[in-house]
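S.K.: My questions are about this predicted structure, shown below with the sequence.
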Protein chains: 2
Amino acid sequence: MRLAELSERSGVSAATIKYYLREGLLPPGRQINTTTAEYDEEHLRRLRLVRAMIQVGRVPVAKVREVLGHVDDDSLGRSVRLGAAMWALPQVPEPDEDDEYVQVAQQEITTLLDRLGWENAKQLTSISPAYRSLVVAVAAFRRLGYGFGAELLAPYAELMHRTAVLDLDNMETQSSEAERIEWAVLGAILNEPVLQALHRLAQEEETTRRYGFE
Amino acid sequence: MRLAELSERSGVSAATIKYYLREGLLPPGRQINTTTAEYDEEHLRRLRLVRAMIQVGRVPVAKVREVLGHVDDDSLGRSVRLGAAMWALPQVPEPDEDDEYVQVAQQEITTLLDRLGWENAKQLTSISPAYRSLVVAVAAFRRLGYGFGAELLAPYAELMHRTAVLDLDNMETQSSEAERIEWAVLGAILNEPVLQALHRLAQEEETTRRYGFE
DNA sequence: TCTCCTTGGTAAGTGCCACTATCCAATCAT
DNA sequence: ATGATTGGATAGTGGCACTTACCAAGGAGA
């Protein structure tokens, strides 16, 4: 199919597809002659994945390129490829190590990880963006005078762990390794909007159960 | 305190504070004379809340103004004020009602809500941004050829409901109504980064438990 | 008093980013 | 033959969160 058809079938404007090609989010089509290139179903699929990441996952274009690089790199180990998406997700600015709230938050999170027995996560604290985001968010609570210590966090962490178990169980039902990788990318990037939305819906449900519609 | 001190104590540059004042995110200080205004602890607290929303919650400035308007409006009902923050959260583009994937997603979500017995949430589908986000995300999965139907969503929704129960339980421990409202805002805006971070940490933990570090 | 600094306020500019509009020469359709 | 279409390149757009530059009014020290 030509670019126009790719545009038609994906619902993405031709100009935007050209932009993605230029940015390396889509591999170039098979060049037929100087003015025609041929695209296939794989391009369409990749384009939809890119769109999902950008529109639903709000992943910046540069990060999408990075994630796709890992996804396509067969030489990487399994955890790395599975985790590739997660590590490229929108990041909070670096926590300021000198900030007292940040230090307290780090202590609380260390306590939390100990209490939960998350030994692997503990080893990743120095490099994990997730850990850094958590520090920033917990510090923000404390800065406003609200404690959000290990005892409050633990039940949330417990629930999130069960969620992660579901994620990986679902991932393992995919039949091919390529599908499992793609599912993991989606699980990291699209699952979060799903979880967020479910969480908000659940909050609406529970709020109205407790206090009614007024 | 003067603007310079407010800047010092909050770590926000004076120019940015002026910008927030101009945008109505901060109420003006008490004017002492034409070139001096006096700010108090309440301004500092509000400024920190604004920063947390913008930096950690990634809420756009216009939405912050909107949320604060609801928070400060004593005439609104409880659910509305508690929900004010949620409704102002970053929104996904409107789902295209004519899109077949969107229609399927809507059906699946209706099935899900029935199965869970979330009657209140069901009544809110026409107006709730959370519902719309969920539709968009589920449709995105399906468009890529992965099903994400009610049977897969239900256990996630169950977990998110428990999370929401925790949210509201925590909120109710706050002593004053003003604090409860502020907690709800934080719960909607800052809890999500916390949950996201915990989710990602849990994924890292579970992935390495299953597949090791390579 | 005169100078010089600081203050809060305002208008215009910056940098980033995801597109999007405009051209262009080559080629296809009739 | 000729008008439309193609892919590719370049430059422009619009939104947003700031930042910079500037200003007149006020205060402080000589």
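M.R.: It's in. Numbering: from 1, shown residues only, chains lettered A, B, ... in the order given.
S.K.: So for the helix ranked longest in chain A, what gets flagged as buried?
M.R.: When chain A is parsed with DSSP state H, its longest helix is helix A:150-172. Within helix A:150-172, the residues scored as buried using 16 or more other C-beta atoms under 10 Å in any protein chain shown are A:150, A:152-153, A:156-168, A:170-171. From N, CA and C alone the C-beta is placed, and that goes for glycine too.
S.K.: Show me what it is packed against.
M.R.: helix A:100-116, helix A:177-189, helix B:150-172, helix B:191-211 (3 or more C-beta pairs under 8 Å, 6 or more residues apart in numbering or on different chains; DSSP states H and E).
S.K.: residues making contact with the third one?
M.R.: The list of residues contacting helix B:150-172 from outside it, by C-beta atoms under 8 Å, 6 or more residues apart in numbering or on different chains, reads A:152, A:155-156, A:159, A:162-163, A:166, A:170, A:194-195, A:198-199, A:201-203, A:205-207, A:210, B:82, B:108-109, B:111-112, B:115-116, B:118, B:138, B:180, B:183-184, B:187, B:191, B:195.
S.K.: Now which of the residues you listed would you call buried?
M.R.: Looks like the contacts of helix B:150-172 have A:152, A:156, A:159, A:162-163, A:166, A:170, A:194-195, A:198-199, A:201-203, A:205-207, B:82, B:108-109, B:112, B:116, B:118, B:138, B:180, B:183-184, B:187, B:191, B:195 buried, using 16+ other C-beta under 10 Å.
S.K.: Roughly how far does the spatially most central residue of chain A sit from DNA strand C?
M.R.: By C-alpha atoms, centre = their mean, chain A has its centre lying nearest to A:I189, at 3.3 Å. The spacing between A:I189 and DNA strand C, counted by C-beta to the nearest atom of the strand, to the nearest Å, is 14 Å.
S.K.: so what's that residue up against?
M.R.: Applying C-beta under 8 Å, 6+ apart, one finds that A:I189 lies in contact with A:52-53, A:56-57, A:59, A:67, A:85, A:89.
S.K.: In PyMOL, how would I select the buried members of those residues?
M.R.: To isolate the buried ones among the contacts of A:I189 in PyMOL, judged by 16+ other C-beta under 10 Å, type:
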select buried, chain A and resi 52+53+56+57+59+67+85+89
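S.K.: Tell me how far the nearest residue to A:Q55 once chain neighbours are set aside lies from DNA strand D.
M.R.: Excluding its sequence neighbours, the residue lying closest to A:Q55 (C-beta to C-beta, 6 or more residues apart in numbering or on different chains) is B:P93, at 6.8 Å. Per C-beta to the nearest atom of the strand, B:P93 is found 13 Å from DNA strand D.
S.K.: Tell me the pLDDT of B:P93.
M.R.: At B:P93, the model reports a pLDDT of 70.
S.K.: now swap in A:A154 and tell me
M.R.: 96.
S.K.: swap in A:Q55?
M.R.: A:Q55 is assigned 87 on the pLDDT scale.
S.K.: cool, and A:G187?
M.R.: 80.
S.K.: Now for it: which residues touch it?
M.R.: A:G187 neighbours (C-beta under 8 Å, 6+ apart): A:85, A:167, A:170-171.
S.K.: Please identify which pair of those lies farthest apart.
M.R.: A:A85 and A:N170 (14.8 Å; C-beta to C-beta).
S.K.: and the helix or strand containing A:G69, how far out from the chain's middle?
M.R.: Per DSSP states H and E, A:G69 falls inside helix A:61-72. Remark: helix A:61-72 is offset 12 Å from the chain centroid, using C-alpha atoms, centre = their mean, to the nearest Å.
S.K.: And for stretch A:27-38?
M.R.: On C-alpha atoms, centre = their mean, the centre of stretch A:27-38 falls 32 Å from that of its chain.
S.K.: re the thing from before, export the helices and strands packed on helix A:150-172 as JSON lines, with columns for distance to A:P28.
M.R.: Below are those laid out as JSON lines (distance: least, C-beta to C-beta, whole Å):
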{"stretch": "helix A:100-116", "distance to A:P28": "45"}
{"stretch": "helix A:177-189", "distance to A:P28": "21"}
{"stretch": "helix B:150-172", "distance to A:P28": "36"}
{"stretch": "helix B:191-211", "distance to A:P28": "33"}
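S.K.: Rebuild those helices as CSV, extending it with distance to DNA strand D.
M.R.: Output for the helices and strands packed on helix A:150-172, formatted as CSV (distance: least, C-beta to the nearest atom of the strand, whole Å):
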stretch, distance to DNA strand D
helix A:100-116, 18
helix A:177-189, 22
helix B:150-172, 25
helix B:191-211, 16
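S.K.: Of those helices, which shows the lowest average pLDDT?
M.R.: helix A:177-189 has the lowest average pLDDT among those, namely a mean of 82.
S.K.: Now do that helix and helix B:191-211, the angle between them.
M.R.: For helix A:177-189 against helix B:191-211, the angle by axes from the mean of the first three to the mean of the last three C-alpha atoms, to 10 degrees is 150 degrees.
S.K.: In CSV, list the C-alpha atoms belonging to helix A:177-189.
M.R.: Coordinates of each C-alpha in helix A:177-189 appear next as CSV, following Å, rounded to 0.1, in the frame of the first residue of the first chain:
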residue,chain,number,x,y,z
GLU,A,177,7.8,-14.0,22.0
ALA,A,178,7.3,-11.0,19.7
GLU,A,179,3.7,-10.7,20.8
ARG,A,180,4.8,-11.0,24.5
ILE,A,181,7.3,-8.1,24.0
GLU,A,182,4.6,-6.0,22.3
TRP,A,183,2.1,-6.9,25.0
ALA,A,184,4.7,-5.8,27.6
VAL,A,185,5.1,-2.5,25.9
LEU,A,186,1.4,-2.0,25.8
GLY,A,187,1.1,-3.3,29.3
ALA,A,188,3.6,-0.6,30.5
ILE,A,189,2.2,2.2,28.3
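S.K.: got the angle for that helix vs helix A:150-172?
M.R.: 150 degrees.
S.K.: Chain A - how does it break down into domains?
M.R.: A:3-56, A:87-211 (automatic domain parsing).
S.K.: Any idea which of the ones you listed gets closest to B:L26?
M.R.: Across the domains of chain A, closest to B:L26 is domain A:87-211 (C-beta to C-beta), at 15.1 Å.
S.K.: mind checking how far A:D98 is from chain B?
M.R.: Distance, A:D98 to chain B, using C-beta to the nearest C-beta, to the nearest Å: 11 Å.
S.K.: does that residue belong to a helix or a strand, and which?
M.R.: Applying DSSP H and E, one finds A:D98 in no helix or strand.
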